[in-house]
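Student: Here's my sequence, what's the structure:
(one chain, ligands or ions: 1)
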Amino acid sequence: MSVVMRKPTDLQSVDPEVAELIARDRDRHSRTLNFIASENYASQAVLDCLASHLNVKYAEGYPRARYYQGVGLVDDIEQLAIDRAKQLFGAEHANVQAYSGSPANMAVYFALLKPGDTVLGMDLSQGGHLTHGSPVSFSGQFYNFVHYGVDPHSEWLDYDALADLAQQHRPRLIVAGASAYSRIIDWRRVREIADSVDARFMADIAHIAGLIAAGVHPSPVPFADVVTTTTHKSLRGPRGAMILCKQALARDIDRTVFPGIQGGPHLASVAAKAVCFHEAMQPEFRTYQQQVVDNASALAEGLMRGGLQIVSGGTDNHLLVVKLLDRGYSGRTLARALESAGIITSMSTVPGETRKPAVTSGVRFGTPAITTRGANTSHMQRVAQIVSTVAEDPADELAVSRLRAEVEAIAGELSAV
Ligand SMILES: *Cc1c(COP(=O)(O)O)cnc(C)c1O
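Tutor: Below is the predicted model:
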């Protein structure tokens, strides 16, 4: 009888190089403060699903209608994810197979539109997303997107202008939702505007899905024909996405996701989505999301006290955009200086933008990730002071490096990543 010696298969033994890079990056997270509005730290339960044997499985199709054998149990997993998604958001139908937010939006456009159709979407430079008709995205290349935006003075969404644009262009679809808009979106109003021109309405809640699940932002589900969302942002699940829709559109949406644009579902992710929806139904999740919003408000107030301008004058949700049009430096400059101090953000365009997208005149801050680590409003006040000091002179490297110690002290008070 031959004995085969099993070699160690753990990451550290197989590939110490990648293992070390991952460990160092994890340490970086723990020692810094992550204010990237689209990022969040998923639970170990979610990560366990992602690292499970489910990674192996092919199951093209949908539960009880697959093109492969051996799917009985993954059918149960996907069905659980679907049922929980519907329950969590009060939706008639859920597709949990979308690989990420961009392909989810693509699936909806492919299902509802013909190439060349007119669509209204929010302007990218005022907070919209690439997939809402940017010329560098498939969305702007396949469809005739017309962009609406915010009132130049209040910097709040201008629904009257949106209604006028709808009358003028008679779109087939209105897309509402944003990546960098800090105010509540009035879904009912968007529905009325869509109805006034016989357009369909898609809500893209990629950023605010967690807030909506917890009831701290109104839900578009009663009003929109289709709702798309990522699962990895405020919802705190695995990287991936989901499409919710009315029953009448269920068949078209499902067929467009598979076989229309995707192959086999990523079942490890689907299992992780099921866990994420379960977590989002717990009372602690509501407490968490309320803290996310409270932290964003506290940060906005602190930054304004420190002399910084915030787009729209503040925030009602999990993010805010600092506007630097009154300063002699760019969003990129400030974001880089903040990184040197250990505060991780992303640059952002602002209404009335004068700089290129790779430079910008804004910096976006979001509180989901830092709140998952246990940050509260008094941490936010300290962060606001640090940011305000850096913003006085981002080129002052000595001051920035001194602030780094203060940031590490705050990071040390929070749970490790
Ligand atoms: C993040 C985001 C997406 C895209 O998600 P990816 O998973 O990065 O493809 C789509 N729409 C909005 C509004 C987003 O913020």
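
Student: mind checking how far the longest helix anywhere in the chain is from the chain centre?
Tutor: As assigned by DSSP state H, the longest helix anywhere in the chain is helix 283-305. From the chain centre to the centre of helix 283-305 is a distance of 17 Å (Cα atoms, centre = their mean, to the nearest Å).

Student: Give me every residue in the stretch 51-200 of the chain lying close to the ligand.
Tutor: Residues of the stretch 51-200 of the chain lying close to the ligand (Cβ under 6 Å from any ligand atom) are 100, 101, 102, 105, 129, 131, 177, 178, 179. The way it works is simple: take the backbone N, C-alpha and C, and place the C-beta from them, glycine included.

Student: Return the member of those residues nearest to residue 229.
Tutor: Taking Cβ to Cβ as the measure, residue 229 lies nearest residue 101 of these, at 7.2 Å.

Student: Just the closest residue of the stretch 51-200 of the chain to the ligand, please.
Tutor: Nearest residue of the stretch 51-200 of the chain to the ligand: residue 101, at 2.2 Å (Cβ to the nearest ligand atom).

Student: For that residue, give its distance to residue 394.
Tutor: 31 Å (Cβ to Cβ, to the nearest Å).

Student: more neighbours, the two?
Tutor: Between residue 101 and residue 394, counted using other Cβ atoms under 10 Å, the more crowded position is residue 101 (27 against 22).

Student: Now do the closest residue to that one other than its chain neighbours against residue 52, distance only.
Tutor: Spatial nearest neighbour of residue 101, chain neighbours left out: residue 230 (4.1 Å); criterion: Cβ to Cβ, 6 or more residues apart in numbering. From residue 230 across to residue 52, the span is 21 Å (Cβ to Cβ).

Student: Between the two, point out the one with more neighbours.
Tutor: residue 230 (24 against 13).

Student: State the distance from that one to residue 204.
Tutor: For residue 230 relative to residue 204 (Cβ to Cβ), the value is 9 Å.

Student: and if you look at residue 96?
Tutor: Separation of residue 96 from residue 204 (Cβ to Cβ): 17 Å.

Student: Ok, residue 402 next?
Tutor: Relative to residue 204, residue 402 is positioned 41 Å away (Cβ to Cβ).

Student: In terms of neighbours, single out the busier of the two.
Tutor: residue 204 (29 against 12).

Student: give me the beta-bridge partners of the more buried one?
Tutor: Beta-bridge partners recorded for residue 204 (DSSP bridges): residue 228.

Student: ok, and residue 321, which helix or strand is that part of?
Tutor: Using DSSP states H and E, residue 321 falls within strand 319-323.

Student: other SSEs contacting the helix or strand following that strand?
Tutor: Using DSSP H and E, the helix or strand that directly follows strand 319-323 along the chain is helix 331-341. Judged by 3 or more Cβ pairs under 8 Å, 6 or more residues apart in numbering; DSSP states H and E, helix 331-341 is in contact with strand 346-348, strand 362-366, helix 377-392, helix 397-413.

Student: thinking again about what came up before, between the strand holding residue 321 and helix 331-341, how many degrees?
Tutor: With axes from the mean of the first three to the mean of the last three Cα atoms, to 10 degrees applied, the angle from strand 319-323 to helix 331-341 works out at 120 degrees.

Student: Show me which positions of strand 319-323 end up buried.
Tutor: By neighbour count with 16 or more other Cβ atoms under 10 Å, strand 319-323 contains the buried residues 319, 320, 321, 322, 323.

Student: what pairs with it, and is each one parallel or antiparallel?
Tutor: Using DSSP bridges, the strands paired with strand 319-323 are strand 309-310 (antiparallel), strand 362-366 (antiparallel).

Student: May I have that strand as CSV, with CA atoms only?
Tutor: Presented in CSV, the C-alpha positions along strand 319-323 are these (Å, rounded to 0.1, in the frame of the first residue of the first chain):
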residue,chain,number,x,y,z
LEU,A,319,-21.6,59.9,3.2
LEU,A,320,-20.6,63.4,2.6
VAL,A,321,-18.5,65.2,0.0
VAL,A,322,-16.1,68.0,1.0
LYS,A,323,-16.0,70.7,-1.6
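
Student: Where does the stretch 251-400 of the chain get nearest to the ligand, residue-wise?
Tutor: Nearest to the ligand in the stretch 251-400 of the chain, going by Cβ to the nearest ligand atom, is residue 319, at a distance of 10.1 Å.

Student: pretty sure that residue is in contact with residue 362, am I right?
Tutor: No: here residue 319 lies out of contact with residue 362, judged by Cβ atoms under 8 Å, at a distance of 11.4 Å.

Student: what's the overlap in contacts for those two?
Tutor: Common contacts of residue 319 and residue 362, defined by Cβ atoms under 8 Å, 6 or more residues apart in numbering, comprise residue 180.

Student: residues in contact with residue 224?
Tutor: Taking Cβ under 8 Å, 6+ apart as the criterion, residue 224 is in contact with 176, 187, 190, 191, 201, 202, 203.

Student: Nearest residue to the fifth one in space, please, no chain neighbours.
Tutor: Pointing back at residue 201 there. With Cβ to Cβ, 6+ apart, the residue lying closest to residue 201 is residue 194, at 4.1 Å.

Student: residues from the stretch 201-350 of the chain in reach of the ligand?
Tutor: 204, 206, 207, 230, 241.

Student: Among those, which pair sits farthest apart?
Tutor: Farthest pair in these, by Cβ to Cβ: 207 and 241, 12.3 Å.

Student: Next one: the spatially closest residue to residue 303 that is not a sequence neighbour from residue 8, what distance?
Tutor: Excluding the flanking residues, the one nearest residue 303 by Cβ to Cβ, 6+ apart is residue 384, at 5.0 Å. Applying Cβ to Cβ, the value for residue 384 to residue 8 is 47 Å.

Student: For residue 272, give me the pLDDT.
Tutor: On pLDDT, residue 272 comes in at 98.

Student: Is it in contact with residue 51, as I believe?
Tutor: No: distance between residue 272 and residue 51: 9.6 Å, which falls outside the contact criterion (Cβ under 8 Å).

Student: Neighbour count for those two, which is higher?
Tutor: residue 272 (30 against 11).
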